[in-house]
Structures are given as C-alpha cells and as structure tokens.
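Undergrad: give the three-dimensional model of this entry:
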Amino acid sequence: MNAPENTKPHAPKLALTREEAADALGISVVTIDRLTKRDLLRPSRATRRPLYSVAEIERFLKETTLHLEP
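TA: Numbers count the residues shown, from 1 in each chain. Here you go, the predicted model:
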C-alpha cells in the first residue's frame, strides 16, 4: 500500500528535548542535567526549554570516547 498523497515525509529532527536526548543516549534526564551543568553537553537556549542538537550529542560522544593507542 502506498502512503496517501497529501502526507509528506517527516524531516529528521535537528534537536532533541532533554527527555529525547536522554533516551537517545540511554541515560536518565538527571544525568543529562548533570552533564549540562558540567558543561559537557551544551543545549540551545533559543526556546524556553533547552534543546540538544543532534550535532551536539554527536560531538559529546566523539569527545568522550576513549581512544586506545595501539
């Protein structure tokens, strides 16, 4: 079955709420708040609620990944 013609595809999310970011990382919202307070995660404050860009989450993961030297 094809999708109805009047529906358009969903664009990928560019930013996540605290709850969505916690879920994406597999951690609690409290941990998101702790990481933010320690300036390890930097949310956008353009809205009333903090939003975590996908790029910011990817940066956080890349910078906090342990790289072992061979």
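
Undergrad: is it true that T7 lies in a helix?
TA: No. With DSSP: H, G, I helix; E, B strand; the rest coil as the criterion, T7 is coil rather than part of a helix.

Undergrad: okay, now it: neighbour count?
TA: 7 (other CB atoms under 10 Å). C-betas here are computed from N, CA, C, even on glycine.

Undergrad: strands of this structure, start to end?
TA: For the chain, the strands defined by DSSP state E cover 15-16, 52-53.

Undergrad: tell me which of those strands approaches A46 most closely.
TA: strand 15-16 (9.1 Å; CB to CB).

Undergrad: how much space between the spatially most central residue of the chain and H67?
TA: Taking CA atoms, centre = their mean, the centroid of the chain lies closest to A21, which sits 4.0 Å from it. As judged by CB to CB, to the nearest Å, A21 and H67 stand 24 Å apart.
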